[in-house]
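In: here's a sequence, model it:
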Amino acid sequence: MAVARVLTWHIHGSYLCYLAVGARLGRYELLLPVKPGRPEGYGGRNGNFDWPDGVREIAAEDVRRARVDVVLTQSRKNWELDRHELLSTEQLRLPQVHLEHDPPREAPTDTHHFVDDPSALLVHVTHFNDLMWDSGRTPTMVIEHGVTVPEGVRWTGERGRGLVVVNSLAGRGRRLGADVFARVREQVPLDLAGIGAQGLGGVGDVPHGHLAAFSAPYRFFFNPIRYTSLGLAVCEAMMLGLPVVGLATTEMVTAVTNGVSGYVDTSVDRLIEHMAALLADHALAVRLSEGARQTARARFGIERFARDWQALFAQVMAP
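Out: Next up is the predicted model:
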């Protein structure tokens, strides 16, 4: 079978970077539409990422004349507006796959997903998200994250501080745990990285390609987020070997095992106690570091991720 040519949009840069690994391995090609000025969703091969040749830009007005095998939308705008603007009538009959990155926001158990099409396929990035969305008559599938870290970069843990990586935390409120971060920081030394982190006394944005080396000396990784999808930053931290501490909500409860790869709990006070123990006991951190890395390698391997996507494209293209 010919390599699938997949039209998708530049929505989440880090995720797209990992999806591009399959293109690097020759398992599929990604076509990214671009528009003048590169507005949201049409950024193409921008960002500080090492894009392989299998990720190609195409002018938005040329899409309807291009060979496309699968359409992969990644936002509500992609699904409801962009694909209808760019695709020909024939292309709209191609396999339509929607990648949902998040859990439902309006009501955690009773939000009907906007993709309402039995001929489409709705792909979730966690089993929690699949469980919580009401996907109605649309068939669903879960492809869990796959991540990599630079070869030779591993957790060392000599810095007696915890690391938090959240973009724009100050403006994203309780859902992203801005109040939890502030409460914990009163008792535990924490550094915040991410876009806008300086506004909360953080270290600022760290380019994705440098984040692993920046993270490696920290004693542990703290995730203060109450309700979102399982963040790539959590998976990357575990792959490096950082012990992970976080709230026992969403998919986090399946990713982190207490006393093995870190600690999760719904009590912030108990989490503070665990962080204090990690700061006081480097040997404990070493043990949890190995557990985190083994868990990540078994669950979030990039080869498995690329194979899953390759298999999905082959499935939807099958006669």
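
In: so who does V6 touch?
Out: V6 sits next to 28-31, 68-72, 313 when contact means CB atoms under 8 Å, 6 or more residues apart in numbering. Where C-beta positions appear, they are placed from N, C-alpha and C, glycine not excepted.

In: which of those residues fall in strands?
Out: 28-31, 70-72 (DSSP state E).

In: please name the bridge partners of R159.
Out: Y218 (DSSP bridges).

In: burial check on it, number of neighbours?
Out: Neighbour count of R159, defined by other CB atoms under 10 Å: 14.

In: can you give me phi and psi for the residue lying closest to D102 once chain neighbours are set aside?
Out: Nearest non-adjacent residue to D102, counting by CB to CB, 6 or more residues apart in numbering: S229, 5.2 Å away. Per-residue torsions, S229: phi -70, psi 170 (degrees, to the nearest 10).

In: tell me how far S229 lies from H145.
Out: In this view, S229 and H145 are 9 Å apart by CB to CB, to the nearest Å.

In: who touches both of those two?
Out: With CB under 8 Å, 6+ apart as the test, S229 and H145 both reach V125.

In: looking at the two, which one has more neighbours?
Out: H145 (24 against 19).

In: look up how far R174 lies from the more buried one.
Out: 24 Å.

In: can you list the domain ranges for the protein.
Out: Annotated domains of the chain cover 4-146+301-317, 159-299 [automatic domain parsing].

In: now those domains in JSON lines, please, with extra columns for distance to G152 and mean pLDDT.
Out: Shown next, in JSON lines, are those (distance: least, CB to CB, whole Å; pLDDT from 0 to 100):
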{"stretch": "domain 4-146+301-317", "distance to G152": "16", "mean pLDDT": "96"}
{"stretch": "domain 159-299", "distance to G152": "10", "mean pLDDT": "96"}
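
In: right, and those domains - which one's nearest V153?
Out: domain 159-299 (4.7 Å; CB to CB).

In: tell me the contacts of the closest residue to A182 other than its chain neighbours?
Out: The shortest distance from A182 to any non-neighbouring residue, by CB to CB, 6+ apart, is to L200 (7.9 Å). Counting by CB under 8 Å, 6+ apart, L200 touches 169-170, 178, 181-182, 192.

In: could you export these as CSV, including distance to D205?
Out: CSV is the format used below for the contacts of L200 (distance: CB to CB, whole Å):
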residue, distance to D205
L169, 12
A170, 13
A178, 17
F181, 16
A182, 20
L192, 11
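
In: got a ChimeraX select line for the buried ones in the residues you listed?
Out: To isolate the buried members of the contacts of L200 in ChimeraX, using 16 or more other CB atoms under 10 Å:
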select :169,170,178,181,192
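
In: redo the contacts of L200 as CSV? Include distance to F214 and secondary structure.
Out: Below are the contacts of L200 laid out as CSV (distance: CB to CB, whole Å; DSSP: H, G, I helix; E, B strand; the rest coil):
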residue, distance to F214, secondary structure
L169, 17, helix
A170, 20, helix
A178, 22, helix
F181, 18, helix
A182, 22, helix
L192, 12, strand
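
In: re earlier: how close does the residue nearest to A182 get to F222?
Out: 14 Å.

In: for R27, same thing?
Out: Distance from R27 to F222, by CB to CB: 35 Å.

In: likewise L242?
Out: According to CB to CB, L242 and F222 sit 10 Å apart.
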